[in-house]
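*Asks:* Make a model of this:
(2 chains)
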Amino acid sequence: MNRINQKLQEDKKLLSIYFTAGYPNIDDTVSIIQDLEKNGVDMIEIGLPFSDPLADGPTIQDSSTAALKNGMTTEVLFDQLKDIRQSVSIPLIIMGYFNPMFQYGVEAFCKRCQELGIDGLIIPDLPVDVYHKQYQSVFEKYGLINVFLITPQTSDERIRYIDSISNGFIYMVSSASTTGAKSGFGDEQTEYFQRIAKMDLKNPQVIGFGISNNETFSQATAYAKGAIIGSAFVKHVTNYGTDSIDKFVNSIIN
Amino acid sequence: MKLKVCGMKYHDNIKQVAALRPDYLGFIFFEDTPRHFDTKIPEISEDINKVGVFVNEDVNKIIEKVNEFKLDSIQLHGEESPYYCSILKSASRFHKAIEVIKVFSIKDKFNFEVLEAYEDVCDYFLFDTKGKLPGGNGYRFNWSVLNEYPSTKPFFLSGGIGLDHVEDIKLFKKNIASKYCCAIDVNSKFETEPGLKNVSILREFINKLNNKKTMNYNVDEKGYYGEFGGAFIPEMLYPNVEELRQNYLKIMAEPDFQKEFDQLLKDYVGRPSPLYYAKRLSDKYNTKIYLKREDLNHTGAHKINNTIGQILMAKRLGKTRIIAETGAGQHGVATATVCALMGLECIVYMGEIDIARQAPNVARMKMLGAKVVPALSGSRTLKDATNEAIRDWINNPVNTHYIIGSAIGPHPYPDMVTRFQAIISEEIKWQLKEQEGRENPDYVVACIGGGSNAAGTYYHYLHEPDVGIIAVEAAGLGVDSGESAATSVLGKEGIIHGCKTLLMQTNDGQITEPYSISAGLDYPGVGPMHAHLSKTGRAEFMSITDSDAMEAGLELSKLEGIIPAIETSHALAIFGQREFKKDDVVVVSLSGRGDKDLENYIEYFKI
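*Replies:* All right, here's what the predicted structure looks like:
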């Protein structure tokens, strides 16, 4: 069974952390992953940086720009991850935009992911229908789970469609925004979380965008299986470097 | 076999379908259908037979409609008796002798004996599928029933025929049953919505029926130009883009939309823009050069054609807040202008570097009431301004419309922008006819950044094989210099700003920064339509360096008294690079005026 599915079966609320590969330093990738696991993070999204990250706010834009400047590329990332499964056992997901994968070759990219022990992909600008028609079979061939996003504006009908072709979890974007834009949840989010929870989808939901601390983590996981923190973690690394990852994780889950 | 396209409803759509030269166009006067025709028939070729479709209608009403709309035939779709047909057939009050087509509906069986009484009182039979409605049920009947056809009267084959049935029709043609079949009648299978025909699919159908292997250069029903286009957008943008996709053609077809659009283009923009024969320039290059004067539009470029269209679209979609991206500021000014005109909030994203080098346009936008927001990320130019605008849209999904300024972005933007700019080639056609006695020039030429003025200049000529298409890109300091914007040469297939197209990027798929002296051509991608025109070879792509463009701009100023925008100067520079025949008619889109570039010209020529 895919590590993502196994993890989703555990009887606990999951914390997933996003970080930008190659940031703050080009060689931080592996140590960040190891530290996150050691401190109790359940799942990791490794951000493959892109020059034009449309869905991201300034924090992740800046970390992406810096990572590219540091020399991060698809090939460099794959090379850094070549022994990752010797030290890390939690699910690893690569999150990135479609163009770098498209240039690498979608099948070659998926094949390499499988070889390295990557469990899934999140590609915000690969539309559901294009994936469904063109790439689903390739992803499945290499045992990769593709994770789709839904937002408060996504219609019920489309959520059902996305649920039907998903086989891991659904990434619930908490509000209409880019990453790192908002902090804290209002009534609108709570209603949305409740609405989705009531839909009784076959895939569990993990909430992302706008989660930055213990309070928002608890609010989100009251309705969903887990929550994803991205910008807040990248900010932490920017401000405090990679030595105090334990403090950050502890502030969320303890 | 002839072709009838039935259920026509919308003015422009009728003209577009008529341009495909079907033999018959059908207009349904039966009121209880969404395809009910209730406007005017535009001027179309006299070779096209106009058919009025009626269901158990009063004879006087039919005569009235036939005379009012100058119909050539009537098609009777109800339970009209032979006697009723005979009255119509012999009525003398028609403006001309008309043909009568009587419809019979078939499912799996048909009693052909009923035809006998109609033999002498109508000109054609039409066999349709028996269904709940008098017609337009959208599925086929069993054509082998016609094996038993006892008559020699020519008939129309109808009922649910679509693009997928071309092979069936070809098989049917070989069959004895088709001996008296004179025409194929199509309707609902070629529609975007009832009454609105999809011209691309119809063209493909006609070409396939005629075994013609012509390429479709327009967008297809899935939003692609060949392999380019589509909508590669994050889920957060899906509702906005989908709302637009579902509505844009419908809204553009509405008579009151067209009326308002046409009126504003005429009274506010100043259209039609002149098609000017540039005599001295022509003499110099020994060919006939016409300039399509988009520079004379209000705000000084073609950009306003699109912003007028999109602001009207935004209003009909109930949007109250407008965002736009801009490079040199031309599209930003055109957007700020229409927002002032309509009283809508306007936010323009502009790269921090561009804000510094295009101060007059920044001031214009501010005077027009727009808020100019600097894009601080990446290279802080057009590409990043576009990213910021998209991010704004993600954060404001309900009340905001994003007016994209070029023929780029996720479907339906490239097609929508192209359609709004298509007024350029629509006018060239009749203007050239007046001046040269023919609608088609030998070449149409335009500069390409994202490619909106080019798309509009080419649009009505895309499928005219005798018209050569020339696309002019910016070579910057030279295609191989590393400082260039010649996307068709340097670009690879990839995804930028929501569409698959040709774009300049690293081997790793990171989008790179282009360079051109002209801010309007300084874009790392090209619209998906142009990527398709490049890949298929339909258009000839040329690239022009900064220095050749600047010289061509100065030359036009001195020869014709017109100072062009530096973007446009690229298109003009081809005459120094490429031979044309003496009697070739070459139409160049003079996309913008040079006022905004004065500083560049001054600095370059040390004026």
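*Asks:* Only C-alpha atoms from now on, for both contacts and neighbour counts.
*Replies:* Noted.
*Asks:* Which element, helix or strand, includes B:Tyr276?
*Replies:* If you go by DSSP states H and E, B:Tyr276 is part of strand B:275-277.
*Asks:* just B:Met252 next, same as before
*Replies:* helix B:238-253.
*Asks:* ok and whatever helix or strand comes next after that helix relative to helix B:238-253, angle-wise?
*Replies:* Of the helices and strands lying after helix B:238-253 in sequence (DSSP H and E), the nearest is helix B:255-264. Angle, helix B:255-264 to helix B:238-253, by axes from the mean of the first three to the mean of the last three C-alpha atoms, to 10 degrees: 80 degrees.
*Asks:* where do the strands sit along the stretch 1-150 of chain B?
*Replies:* B:2-5, B:24-28, B:49-54, B:73-76, B:99-106, B:124-129 (DSSP state E, counting those that start in this stretch).
*Asks:* should've said chain A
*Replies:* A:14-20, A:43-48, A:92-96, A:120-122, A:145-147, A:149-150, A:170-173, A:205-208, A:226-229 (DSSP state E).
*Asks:* For these, give me CSV that also has distance to B:Asn60.
*Replies:* Shown next, in CSV, are the strands of chain A (distance: least, C-alpha to C-alpha, whole Å):
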stretch, distance to B:Asn60
strand A:14-20, 75
strand A:43-48, 73
strand A:92-96, 68
strand A:120-122, 66
strand A:145-147, 64
strand A:149-150, 58
strand A:170-173, 63
strand A:205-208, 66
strand A:226-229, 72
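*Asks:* I'd like to know which of those strands lies nearest to chain B.
*Replies:* Proximity to chain B (C-alpha to the nearest C-alpha) singles out strand A:149-150 among the strands of chain A, at 6.1 Å.
*Asks:* hmm, who's touching that closest one?
*Replies:* By C-alpha atoms under 8 Å, 6 or more residues apart in numbering or on different chains, the residues outside strand A:149-150 that reach it are A:124, A:159, A:170-173, B:235-236.
*Asks:* which one among those gets closest to B:His570?
*Replies:* Comparing the contacts of strand A:149-150 against B:His570 with C-alpha to C-alpha places A:Pro124 closest, at 37.2 Å.
*Asks:* Would you state the strands of the stretch 501-607 of chain B in chain order?
*Replies:* Here the stretch 501-607 of chain B has its strands, by DSSP E, counting those that start in this stretch, at B:539-545, B:585-589.
*Asks:* just to revisit the earlier point, which elements pack onto the strand holding B:Tyr276?
*Replies:* Applying 3 or more C-alpha pairs under 8 Å, 6 or more residues apart in numbering or on different chains; DSSP states H and E, one finds that strand B:275-277 contacts strand B:288-292, helix B:423-436.
*Asks:* average model confidence for the following helix or strand past it?
*Replies:* Per DSSP H and E, the first helix or strand lying C-terminal to strand B:275-277 is helix B:279-285. The pLDDT scores in helix B:279-285 average 98.
*Asks:* Over to stretch B:487-503?
*Replies:* 95.
*Asks:* where does the stretch 1-150 of chain A have low pLDDT?
*Replies:* The stretch 1-150 of chain A contains no residues with pLDDT under 70.
*Asks:* near chain B, which residues of it show up?
*Replies:* Within reach of chain B by C-alpha under 8 Å from any C-alpha of the partner chain, the stretch 1-150 of chain A has these residues: A:50-58, A:61-62, A:65, A:73-74, A:98-104, A:124-127, A:149-150.
*Asks:* Looking at those residues, which are in helices?
*Replies:* A:58, A:61-62, A:65, A:74, A:98-104 (DSSP state H).
*Asks:* can those residues go into a markdown table with extra columns for neighbour count?
*Replies:* Listed next are these as a markdown table, based on neighbours: other C-alpha atoms under 10 Å in any protein chain shown:
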| residue | neighbour count |
| --- | --- |
| A:Pro58 | 16 |
| A:Gln61 | 23 |
| A:Asp62 | 20 |
| A:Thr65 | 21 |
| A:Thr74 | 18 |
| A:Phe98 | 23 |
| A:Asn99 | 27 |
| A:Pro100 | 26 |
| A:Met101 | 20 |
| A:Phe102 | 17 |
| A:Gln103 | 21 |
| A:Tyr104 | 17 |
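*Asks:* my guess is A:Gly57 contacts A:Gly180, does it?
*Replies:* Yes. Using C-alpha atoms under 8 Å, A:Gly57 is in contact with A:Gly180, at 5.7 Å.
*Asks:* how about the residues of chain B near chain A?
*Replies:* Counting by C-alpha under 8 Å from any C-alpha, chain B sits next to chain A at B:231-236, B:238-239, B:377-378, B:384, B:387-388, B:390-391, B:394-397, B:494-498, B:507-511.
*Asks:* What's the ChimeraX line that selects buried ones from those residues?
*Replies:* Paste this into ChimeraX to select the buried members of the residues of chain B next to chain A, with burial taken from 16 or more other C-alpha atoms under 10 Å in any protein chain shown:
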select /B:231,232,233,234,235,236,238,239,377,378,384,387,388,390,391,394,395,396,397,494,495,496,497,498,508,509,510,511
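*Asks:* Which ones among the residues of chain B next to chain A map onto helices?
*Replies:* B:238-239, B:384, B:387-388, B:390-391, B:394-395.
*Asks:* For chain B, which residues score under the pLDDT cut-off?
*Replies:* B:134-136, B:213-214.
*Asks:* And it, split by domain according to the record?
*Replies:* Using automatic domain parsing, the domain ranges for chain B come out as B:2-209, B:224-267+B:299-415, B:275-296+B:421-605.
*Asks:* looking at those, which is closest to A:Ile90?
*Replies:* domain B:224-267+B:299-415 (26.8 Å).
*Asks:* Start and end of that closest one, how far apart?
*Replies:* 10 Å (C-alpha to C-alpha, to the nearest Å).
*Asks:* Much appreciated, bye for now.
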